[in-house]
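1. Predicted model and sequence below, questions to follow.
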Amino acid sequence: MEIIIIKEYIKTYLLEKLERKHSLLIYNANLFYHDLVLELESENIKVFDASKNVVTEREAALDYWVNEMPKNKDAKIVVFVPFKSKQDADDLTFDPFIIFSSGGRIFPDEAADEYKQLCIAALPEGRPKGSLSTTSKLIREHISQAIAYLFV
């Protein structure tokens with residue numbers, strides 16, 4: 001139950017990043033978000049998974065970007081990239097996927113995008129600390145386990 005709540009929160013969070021833009025470029029070297037990102041595909045959202053083949057997926061994404069998106073004003077693109085995002089300007093020059101961030105969003109690109117922060121944000125709000133339900137306690141346990149796994 002608790003994993004589903006966090007997973008759904010993260011999916012909603014990513015969709016909100018995409019809501020007012022036409023593209024979302026997701027960098028994830030450890031493939032932690034891989035399956036979740038694939039679930040974002042819908043009628044108007046096309047997901048390209050560069051973990052399958054970096055070259056062919058980039059080309060397919062570029063083809064969709066250039067040939068299909070102009071035909072559908074509601075079309076959006078998500079590109080999953082299986083390596084760390086480039087942070088400095090020199091590295092960005094050599095990133096073959098950076099074009100997809102043009103007019104779009106990158107994940108992660110802010111403190112709120114960290115897994116720990118996403119888990120905390122997924123917790124039910126408005127409850128005093130002493131009155132957590134069983135579900136909330138399970139969520140906190142899951143977060144603690146995930147944080148210990150990822151950050152220790």
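-> Okay, I see it. Numbering: from 1, shown residues only.
2. Endpoint to endpoint, stretch 51-69 covers what distance?
-> Start and end residues of stretch 51-69 are separated by 22 Å (CA to CA, to the nearest Å).
3. Next, the buried residues of it.
-> By neighbour count on 16 or more other CB atoms under 10 Å, the buried set for stretch 51-69 is Glu57, Arg58, Ala60, Ala61, Leu62, Trp65, Met69. C-beta coordinates here come from the backbone N, C-alpha and C atoms, glycine included.
4. quick one: contacts of that stretch?
-> Stretch 51-69 has contacts (CB atoms under 8 Å, 6 or more residues apart in numbering) with 22-23, 31, 34, 46, 48-50, 75, 77, 79-80, 82, 96-97, 99-100.
5. Sitting in helices, which of those do you find?
-> Per DSSP state H, helices hold the following members of these: His34.
6. Just the buried residues of the contacts of stretch 51-69.
-> Buried, going by 16+ other CB under 10 Å: 22-23, 46, 48-50, 75, 77, 79-80, 82, 97, 100, out of those.
7. Among those, which are located in strands?
-> Within the buried ones among the contacts of stretch 51-69, residues falling in strands by DSSP state E are Ser23, Lys46, Phe48, Asp49, Ile77, Val79, Phe80.
8. Any chance of JSON lines for those, columns distance to Lys86?
-> Listed next are these as JSON lines, based on distance: CB to CB, whole Å:
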{"residue": "Ser23", "distance to Lys86": "16"}
{"residue": "Lys46", "distance to Lys86": "23"}
{"residue": "Phe48", "distance to Lys86": "18"}
{"residue": "Asp49", "distance to Lys86": "19"}
{"residue": "Ile77", "distance to Lys86": "19"}
{"residue": "Val79", "distance to Lys86": "14"}
{"residue": "Phe80", "distance to Lys86": "16"}
